[in-house]
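Enquirer: Quick one: sequence and predicted model below, then my questions.
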Amino acid sequence: MEQKEVRGLLEEVAAGSLDVEQAMLRLKGAPFDDLGFAKPDYHRALRQGIAEVIYGAGKTPAQIVQIASHMRSRGQETILITRMSGETAALVRRELPLQYDEQSRVGVIGEQPEPDGVGRIVVATGGTSDIPVAEEAARTAETFGNEVVRLYDVGVAGIHRLFACREEIMSARVIIAIAGMEGALASVIGGMADCPVIAVPTSVGYGASFGGLSALLSMLNSCASGVSVVNIDNGFGAGYLASMINHLREK
């Protein structure tokens, strides 16, 4: 149950069009269902502002279908599924109206919401090889109601490409900087922008990059203020956090 639904319920009680017992009955069934192998959390949107997301890796198509079907039956209009293989997506699509992007391995059931964030989220990558992680971040943010601007292949090996995007960087509400190798992109962008920068190290790189560990350590040691770091290849986490920041408004 989302915040707007609970607010509407309380407004009905206040207006006298719904009695307290009826409202309690509608709230009682909301917290979660026990499916045996999963417990879908229907109060997450109320607590956190964003409904539960399905992590697709390790789940069978039948499990994803059952979880998603229960979420839809409880009124969740848009369901995000991450880290889902193309084979699994094809099987889920037989049962549910799934939109699937093979590059990011992200699936969405339902309609994409209209952007309602304060500003724009910029997703920038050091290289083309970082795009799968970037698309996971971008599609996550879009599914949560954000306008996303993509700046791909603007790494420090040709830094003039990044400087050509100064307007997008300086007008962003949040920036997600995604890079492998030595992960320098986050520090450079952090030195240009006046908004929060979320750095995502990727596992892209040669042997001494240690599967993204070198980029992770570089980003953690950034000399630019205002840079935070999520885990290696965690585009979803970056997109989620960026959406939270972009929906903060002055009280």
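Expert: Cool, the structure landed.
Enquirer: Leu162 is in contact with Leu188, correct?
Expert: Leu isn't right for residue 188; it's Val. Yes. Using Cβ atoms under 8 Å, Val188 is in contact with Leu162, at 6.6 Å. For every residue, glycine as well, the C-beta is placed using N, CA and C.
Enquirer: and for the two, which residues touch both?
Expert: Common contact partners of Val188 and Leu162 (Cβ atoms under 8 Å, 6 or more residues apart in numbering): Val156.
Enquirer: Now do the helices in the stretch 151-251 of the chain.
Expert: Ranges of helices in the stretch 151-251 of the chain, per DSSP state H, counting those that start in this stretch, are 160-163, 166-170, 185-190, 213-220, 235-246.
Enquirer: Identify whichever of those lies nearest to Ala137.
Expert: helix 235-246 (3.7 Å; Cβ to Cβ).
Enquirer: Which positions within that closest one qualify as buried?
Expert: For helix 235-246, the neighbour count (16 or more other Cβ atoms under 10 Å) marks 235-243, 245-246 as buried.
Enquirer: got TSV for these, with distance to Val65 and pLDDT too?
Expert: Putting those into TSV (distance: Cβ to Cβ, whole Å; pLDDT from 0 to 100) gives the following:
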residue	distance to Val65	pLDDT
Gly235	24	97
Phe236	21	97
Gly237	25	97
Ala238	28	98
Gly239	24	98
Tyr240	24	96
Leu241	29	97
Ala242	29	97
Ser243	26	96
Ile245	33	96
Asn246	31	96
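Enquirer: In the protein, where is pLDDT below threshold?
Expert: For the chain, the stretches flagged by pLDDT under 70 are 1-5, 25-30, 33, 46, 250-251.
Enquirer: Strands of that one, residue ranges please.
Expert: 54-55, 79-82, 98-101, 106-109, 120-125, 147-151, 174-179, 197-201, 227-229 (DSSP state E).
Enquirer: To Leu216, which of those strands lies closest?
Expert: strand 197-201 (4.1 Å).
Enquirer: contact partners of the closest one?
Expert: For strand 197-201, contacts defined as Cβ under 8 Å, 6+ apart pick out 133, 137, 174-180, 183, 186, 189-190, 212-213, 215-216, 218-219, 222, 224, 226-235, 238, 241-242.
Enquirer: Just the buried ones among the residues you listed, please.
Expert: Buried by 16+ other Cβ under 10 Å: 133, 137, 174-180, 183, 186, 189-190, 212, 215-216, 218-219, 222, 224, 227-230, 232-235, 238, 241-242, out of the contacts of strand 197-201.
Enquirer: hmm, back to that, switch the helices of the stretch 151-251 of the chain over to CSV; also include distance to Ile54.
Expert: Output for the helices of the stretch 151-251 of the chain, formatted as CSV (distance: least, Cβ to Cβ, whole Å):
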stretch, distance to Ile54
helix 160-163, 35
helix 166-170, 32
helix 185-190, 29
helix 213-220, 26
helix 235-246, 11
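Enquirer: closest to Pro115 out of the ones you listed?
Expert: That would be, of those and by Cβ to Cβ, helix 235-246, which comes in at 9.2 Å.
Enquirer: now for that closest one, which elements pack on it?
Expert: If contacts are counted by 3 or more Cβ pairs under 8 Å, 6 or more residues apart in numbering; DSSP states H and E, helix 235-246 sits against strand 120-125, helix 131-143, strand 174-179, strand 197-201.
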